[in-house]
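J.: give me a 3D structure for the following:
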Amino acid sequence: LVGGAVRGGRIAGDWPGLSGSALFEGRDLHATTDMRALFKGLLVDHLGLSRTEVNARVFPDSAGIAAMSGLVS
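T.: Purely as a prediction, here's the structure:
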């Protein structure tokens, strides 16, 4: 993320490392975060949508995926 309101300087998610056993098919980083969690956090914290609305209308059937928090100030 970029922008003036972004709380940067950190990695938001899991970092499995770069060892051969940590890479997907020995060459690529594993996806460790569902991107809906990131977008849910932005929609709730930055745009002010309710969690209920985000779970029901923006990302239906995703109530089990928690929104990332603390991404923006």
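
J.: mind listing the helices for this structure?
T.: Along the chain, counting by DSSP state H, helices occupy 35-45, 51-53.

J.: contacting residues around the one residue sitting closest to the centre of the chain?
T.: Nearest to the mean C-alpha position of the chain, by C-alpha atoms, centre = their mean, lies Leu38 at 2.6 Å. Taking C-beta atoms under 8 Å, 6 or more residues apart in numbering, we find Leu38 in contact with 1, 12, 68, 71. For the C-beta atoms, the positions are set from N, CA and C on the backbone; glycine is no exception.

J.: now Leu43
T.: Here Leu43 is in contact with 49, 54, 58, 67 (C-beta under 8 Å, 6+ apart).

J.: residue contacts, the first one?
T.: For Leu49, the contacting residues are 43, 58, taking C-beta under 8 Å, 6+ apart as the criterion.

J.: now the residue lying farthest from the centre of the chain. Nearest residue, chain neighbours left out?
T.: In the chain, the residue that sits farthest from the middle, by C-alpha atoms, centre = their mean, is Gly20; the gap is 24.8 Å. Residue nearest to Gly20 in three dimensions, not counting chain neighbours: Gly26, with 5.6 Å by C-beta to C-beta, 6 or more residues apart in numbering.

J.: hmm, that neighbour is touching Ser19, no?
T.: No: the pair Gly26 and Ser19 does not pass the contact test of C-beta atoms under 8 Å, sitting 10.1 Å apart.

J.: which residues of the protein fall in strands?
T.: For the chain, strands defined by DSSP state E do not occur.

J.: would you mind listing where it has pLDDT under the threshold?
T.: Applying pLDDT under 70 to the chain flags no residue at all.
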